[in-house]
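Enquirer: Next comes the sequence, and after it the predicted model I'd like to discuss.
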Amino acid sequence: MARQLRAEQTRTTIITAAADLFDRHGYESTSLSDIVEHARVTKGALYFHFAAKEDLAHAIMELQSQASRRVACEIDDRGYSSLESLMRLTFGITRLSVEGPVARAGLRLATGEVAVRPPLRHPFAEWLELISRGLAGAVREADVHPDIDVDAVAHSLVCSFVGTRVVTRTHEPPTRLPRRMAEMWYVLIRGLVPVPRRPRYLSLATRLEREVMAVCAV
């Protein structure tokens, strides 16, 4: 039991170290030797868990996918409106990116540095599906204009969401992400939500930004 626990801890250490390097320097610019040094483990320990660098990248993307689905499931159980659930999903994934490197590295890897292996779905495909479902629900609940093209808006929202995170990664610290996410929603709400319902969701964007910042400051 103790040996198994140590093995799991070593695996987690290696993944975290690799994610940190992939996030800061990119997949191609990071070698296995860099990961071994950063994780402070032996090459033997690394190869015990991962046969190649690509296996490490895939493990990171799997963890990111699991975390995103977990956030989505937790929100679904709360009974929020469809639009509020959608906003909470984006801020929940943002929180993961602020808290640690795995979510940040997963996004960077997904933007073209490493191919996603089946049966794992590409995160952008997962997000498109979740956002399309949320927008369709928001239309039914009259929180979004009824004449929108759900597929087109979902695609634009995913692009805005991913783009906000990519640009912030390049120019700002991760702690700036919640502010940028709130700004993204201020723009989207003014274009998507009928005027009488805008104050509720504009206020929600501000509140969610503060909640994420408060959690990440602990």
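Expert: Arrived safely. Computed from a predicted model, the values in this text were never measured in an experiment.

Enquirer: for the chain, what are the low-confidence residue spans?
Expert: Scanning the chain for pLDDT under 70 picks out 1-2, 113, 217-218.

Enquirer: show me the contacts for the residue nearest to the spatial centre of the chain.
Expert: Central residue of the chain (Cα atoms, centre = their mean): Ile93, 4.0 Å from the mean position. Ile93 makes contact with Ala67, Ser68, Val71, Ala103, according to Cβ atoms under 8 Å, 6 or more residues apart in numbering. C-beta here means a position set from N, CA and C on the backbone, and glycine is covered the same way.

Enquirer: So which of the residues you listed belong to strands?
Expert: Of the contacts of Ile93, none are assigned to strands by DSSP state E.

Enquirer: Now the two most distant members of those residues.
Expert: Maximum pairwise distance among these (Cβ to Cβ): 10.1 Å, between Val71 and Ala103.

Enquirer: what's the offset of stretch 143-153 from the middle of its chain?
Expert: Offset of stretch 143-153 from its chain centre (Cα atoms, centre = their mean, to the nearest Å): 23 Å.

Enquirer: let me redo that: stretch 57-64
Expert: Worked out by Cα atoms, centre = their mean, stretch 57-64 lies 12 Å from the chain centre.

Enquirer: before we move on, what about stretch 62-76?
Expert: Offset of stretch 62-76 from its chain centre (Cα atoms, centre = their mean): 9 Å.

Enquirer: List the buried residues for it?
Expert: Judged by neighbour count using 16 or more other Cβ atoms under 10 Å, the buried positions of stretch 62-76 are Glu62, Leu63, Gln64, Ser65, Ala67, Ser68, Val71, Ala72, Ile75.
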